[in-house]
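1. quick one, structure for this:
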Amino acid sequence: MSFVQCTIQGETAVLRLSRGKVNSLTGEVVRELKDAMNGLIENEKVKAVILTGQGKFFSYGFDIPEFLKYSRLQFQEYLTLFTDFYLYVYLYPKPVIAALNGHTIAGGCMIAICCDFRVMVSGKARIALNEIQFGSSVFAGSVEVLRALIGQRNAETFLYSGEMYPAESAHSLGLIDKVSTDADLEKDMLAAAAAFAAKDGAAFAGIKGLLHKTVAEEMRRRERESIADFLDIWYSEKTWARLQEKTTA
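-> Numbers count the residues shown, from 1 in each chain. Just a heads-up that it's a prediction; the model follows:
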């Protein structure tokens, strides 16, 4: 079953995540996203890539009920796959626009912040790294990207609170670049992609590599240890009980 729909509109490829109501993330979904993006690198007609979701969710993050069935080793393998993927997005040579059509939570937020431009709908949609709310942690790579994006103090506020931000508040924080509406999202995301696509591709890739190199190096250096710490917290008695409650609520 395919969870990623790819359409080409002019010089832009739109990858639309479609997995259930909340577009939750599993290993299969992550591999499919990466395979789709890999296939677009060599397509000279595609100058920019848009990541978006189907329905009212960009992605609500990890499929927790699924992962509660995993052994620690199986979950570790998934976390390595996932963190490798958002680093891949962060270093992707073509412009990547996140069109946040709805809730963008936890793992969904981690992917979004690794993109080059974020446009988000106003209204009920929220964006958050809310792991602290259910006793979980985040990853070193996501912290490095967040710090580079919004600064140390704002990153602390965002992560310590676990608050779910509407588009307007996220824009004020510097977390997203443009506030849109349900009606205008398609137009706004294509306009953002077209603006990037108009730039010289080789020059963009070179500058992006320079801008992201230091953060990417730190992501690589710290990620494995942070995954181990994440697993210790995830499988702790208190967090495990909260995760079980979360899936049955």
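2. C-alpha from now on. contacts and neighbour counts both.
-> Will do.
3. would you mind finding the longest helix in the chain?
-> Using DSSP state H, we find that the single longest helix of the chain is helix 201-234.
4. what secondary structure does residue 13 sit in?
-> For residue 13, the secondary-structure state derived from DSSP: H, G, I helix; E, B strand; the rest coil is strand.
5. which residue, other than its chain neighbours, is closest to it?
-> Take residue 13 and drop its neighbours on the chain: the residue closest to it by C-alpha to C-alpha, 6 or more residues apart in numbering is residue 49, 4.8 Å away.
6. point to the residue nearest the middle of the protein.
-> Among the residues of the chain, the smallest C-alpha distance to the mean C-alpha position (C-alpha atoms, centre = their mean) belongs to residue 111, namely 1.3 Å.
7. so what's that residue up against?
-> Neighbour list for residue 111: 86, 89 [criterion: C-alpha atoms under 8 Å, 6 or more residues apart in numbering].
8. now with 6 Å?
-> Contacts for residue 111 (C-alpha atoms under 6 Å, 6 or more residues apart in numbering) come out as residue 86.
9. got the phi and psi for it?
-> The main-chain torsion angles of residue 111 are listed as degrees, to the nearest 10 and equal phi -70, psi -40.
10. confidence score at it?
-> At residue 111, the model reports a pLDDT of 98.
11. same thing with the one 10 residues further on?
-> In this prediction, residue 121 carries a pLDDT score of 98.
12. pretty sure it sits against residue 183.
-> No: taking contacts as C-alpha atoms under 6 Å, residue 121 lies outside contact range of residue 183: 9.0 Å.
13. quick one: mean pLDDT for the longest helix of the chain?
-> Mean pLDDT, taken over the full extent of helix 201-234, equals 97.
14. which is the next helix or strand following that helix?
-> Downstream of helix 201-234, the next assigned helix or strand under DSSP states H and E is helix 237-248.
15. now that following helix against helix 201-234, angle please.
-> 110 degrees (axes from the mean of the first three to the mean of the last three C-alpha atoms, to 10 degrees).
16. where's the residue of the chain positioned farthest from its centre relative to residue 243, distance?
-> Residue farthest from the centre of the chain, counting by C-alpha atoms, centre = their mean, is residue 237 at 28.0 Å. For residue 237, the distance to residue 243 under the criterion C-alpha to C-alpha, to the nearest Å works out to 10 Å.
17. show me where the protein has helices.
-> Under the criterion DSSP H, the chain carries helices at the ranges 27-41, 64-67, 72-91, 107-113, 140-150, 152-161, 167-173, 185-197, 201-234, 237-248.
18. pick the most deeply packed of those helices.
-> Between the helices of the chain, helix 107-113 has the highest mean count of neighbours, a mean of 24, where neighbours are mean count of other C-alpha atoms under 10 Å.
19. only alpha carbons, please: show that helix as PDB.
-> What follows is helix 107-113 as a C-alpha-only set of coordinates in PDB (Å, rounded to 0.1, in the frame of the first residue of the first chain):
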ATOM      1  CA  GLY A 107       7.800  13.600  14.600                       C
ATOM      2  CA  GLY A 108       5.800  15.500  12.100                       C
ATOM      3  CA  CYS A 109       7.200  18.700  13.500                       C
ATOM      4  CA  MET A 110      10.700  17.400  13.400                       C
ATOM      5  CA  ILE A 111      10.400  16.700   9.700                       C
ATOM      6  CA  ALA A 112       8.800  20.100   9.100                       C
ATOM      7  CA  ILE A 113      11.600  22.100  10.800                       C
END
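20. shaky segments in this structure?
-> Low-confidence regions of the chain, defined here as pLDDT under 70, cover residues 1, 248-249.
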